[in-house]
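next one to model:
(one chain, ligands or ions: 1)
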Amino acid sequence: MSGVSEASVLEALKTVNDPELHKDLVSLGMVEKVVVEGNRVGVKINLTTPACPLKGQIETEVRAALARIGVDELEVHFGATVRAPQNLPLPGIKHVVAIASGKGGVGKSTVAANLAVALAQEGAAVGLLDADIYGPSQAQMFGTQTQKLMVDDQKRIVPLERYGIKLITIANIVPPGQAMVWRGPILHGTLRQFLHEVAWGELDYLIVDMPPGTGDVQLSLAQLTKVSGGVIVTTPQDVARIDAERAADMFKRVQVPLLGVIENMSYFEQGGERIHIFGQGGGRRMAEAHKTAFLGEIPIAVAVREASDAGVPVVLSAPHSPEAQALREVARALAGQLSVQSYMLLPMA
Ligand SMILES: Nc1ncnc2c1ncn2[C@@H]1O[C@H](COP(=O)(O)OP(=O)(O)OP(=O)(O)O)[C@@H](O)[C@H]1O
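Alright, predicted model coming up:
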């Protein structure tokens, strides 16, 4: 005769803490459903992000806790609801995340495109806004160069949809090759339109691919919406890192919290050996200096460049490659940071 009941399962689950939020799953409201049939139990746990980096760890601890009360067979299912802050930055949008770099060419746009797709692959609703108005590259990365943006009957711009991502880039408005020599106020107006006059619908994450450097667009973004956080993409070498420091400083000035640092082009893998072309550890050191998370390192790989040129981000074109796996891990780490941050912003019960 077993003593397993819904109440004893819930009691046991109170011994399992969310590894990031440091509170037990039951009081966090993460246990959505418990089904008990004799010694067989089914549990559904609602995570705060589909890209939860700690899913495996949570499952292991749940299994251990329930084995201790005599559960013989356990099925753990996961659902996810991205936690929203109290005041949404834009109607229907839970998080606006700015991807920035100090220097051009460090792979910021490539990383932004892959993060957007990786988050969508995990089940999140994702939009991507190419705020690099002078040098847009997302139409190229998503293969939408020949498409044109339309407006709906409420005169809102309808984003293009590609690989499950809603995409807005100036490249789908201005003909390719036409120079964009706009002054600050026009830039500001364009960004305002891209944020407030687009039929984005319901999004968990709006990823904003920022222009390189620190300038008008950074300031405008912070003025036009509440940005959940900024992410800095850098390469390990000092010149990139020094510029990246300026981008981090800019976020601080406009009161955008820094969510973490991503190191791109960290190493090249050859015959099982990692060659650190641009040095080693710069991204991690920068994260430590700013007391922010190091979200991970991405290798330099021909497949990444080829995929971007072909209009299919590498997390889709070669999902099992080490570089795609690295990008997915970075996406999970980022989602984890956002969920911790929104938890902190909730009023204490
Ligand atoms: N990890 C990587 N491995 C190989 N190639 C990469 C990697 N990351 C980016 N690249 C390539 O490097 C080039 C620059 O990347 P990208 O355009 O994303 O940089 P960026 O920082 O956004 O530049 P800019 O700010 O000037 O637009 C592209 O050709 C891209 O395909």
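
what's around the closest residue to P211 other than its chain neighbours, how many residues?
Taking CB to CB, 6 or more residues apart in numbering, and ignoring the residues beside it in sequence, P211 has D132 as its nearest neighbour in space, at 4.3 Å. Every C-beta, even on glycine, is put in place using the N, C-alpha and C of the backbone. Using other CB atoms under 10 Å, D132 is surrounded by 22 other residues.

so which strand or helix has D132?
Taking DSSP states H and E as the definition, D132 sits outside all helices and strands.

swap in A244?
With DSSP H and E as the criterion, the answer for A244 is helix 238-253.

which strands or helices does the helix or strand of the chain with the lowest mean pLDDT pack on?
One helix or strand of the chain scores below all others by mean pLDDT, DSSP states H and E: helix 238-253, with a mean of 82. Counting by 3 or more CB pairs under 8 Å, 6 or more residues apart in numbering; DSSP states H and E, the packing neighbours recorded for helix 238-253 are strand 93-100, helix 216-224, strand 229-234, strand 258-264, helix 282-289.

list the buried residues of it.
Buried residues in helix 238-253, counting neighbours by 16 or more other CB atoms under 10 Å, are found at 240-241, 243-245, 247-248, 250-251.

could I get the helices and strands packed on helix 238-253 as TSV with distance to the ligand, mean pLDDT and mean neighbour count?
Supplementary listing: the helices and strands packed on helix 238-253 in TSV, determined by distance: least, CB to the nearest ligand atom, whole Å; pLDDT from 0 to 100; neighbours: other CB atoms under 10 Å:
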stretch	distance to the ligand	mean pLDDT	mean neighbour count
strand 93-100	9	95	26
helix 216-224	12	88	19
strand 229-234	7	94	28
strand 258-264	5	95	27
helix 282-289	13	90	18
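
want to throw those into CSV with distance to A80?
As requested, the helices and strands packed on helix 238-253 are arranged in CSV below (distance: least, CB to CB, whole Å):
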stretch, distance to A80
strand 93-100, 12
helix 216-224, 27
strand 229-234, 19
strand 258-264, 19
helix 282-289, 26
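
to Q337, which of the ones you listed lies closest?
Comparing the helices and strands packed on helix 238-253 by their distance to Q337 (CB to CB), the top pick is strand 258-264, with 4.7 Å.

what's that closest one in contact with?
Taking contacts as CB atoms under 8 Å, 6 or more residues apart in numbering, the residues outside strand 258-264 that touch it are 97, 106-108, 110-111, 228-236, 244, 248, 251-252, 282-284, 286-287, 290, 292-298, 300, 330, 333-334, 337-338, 341.

again, only using 6 Å
Outside of strand 258-264, the residues within contact range by CB atoms under 6 Å, 6 or more residues apart in numbering are 106-107, 111, 229-233, 235-236, 248, 251, 283, 286-287, 290, 292-295, 297-298, 330, 337.

what about that strand, distance to the chain center?
Its chain's C-alpha centre lies 11 Å from the corresponding centre of strand 258-264 when counted by CA atoms, centre = their mean, to the nearest Å.

then stretch 306-314?
Distance of stretch 306-314 from the chain centroid (CA atoms, centre = their mean) equals 19 Å.

what's the helix holding A244 in contact with?
Residues from elsewhere that reach helix 238-253 (CB under 6 Å, 6+ apart): 100, 102-103, 106, 214, 218, 230, 232, 234, 258, 282, 286, 290.

one more: stretch 122-139?
Counting by CB under 6 Å, 6+ apart, 50-51, 109, 116, 119-120, 145, 165-172, 180, 187, 194, 200, 202-211, 217 sit against stretch 122-139.

on that earlier part again, CSV for the buried residues of helix 238-253, including distance to V34?
Rendered in CSV, the data for the buried residues of helix 238-253 read as follows (distance: CB to CB, whole Å):
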residue, distance to V34
A240, 50
R241, 49
D243, 52
A244, 47
E245, 49
A247, 46
A248, 44
M250, 48
F251, 42
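
tell me the strands in the stretch 101-250 of the chain, going along the chain?
Counting by DSSP state E, counting those that start in this stretch, the stretch 101-250 of the chain has strands at residues 126-130, 150-151, 157-158, 160-162, 165-169, 203-209, 229-234.

just want the angle from the last one to helix 238-253.
Orientation check (axes from the mean of the first three to the mean of the last three CA atoms, to 10 degrees): strand 229-234 against helix 238-253 gives 170 degrees.

the nearest residue to R156 once chain neighbours are set aside: how many residues sit nearby?
Excluding the flanking residues, the one nearest R156 by CB to CB, 6+ apart is A199, at 4.4 Å. Using other CB under 10 Å as the criterion, A199 is surrounded by 15 other residues.

please begin residue numbering at 323 from this point
Shifting the count to begin at 323 puts that one at A521.

hmm, E483 and A521 touching each other?
No. Using CB atoms under 6 Å, A521 makes no contact with E483, being 11.1 Å away.

pull up the gap between the residue nearest to R478 and G658, please.
Separation of A521 from G658 (CB to CB, to the nearest Å): 29 Å.
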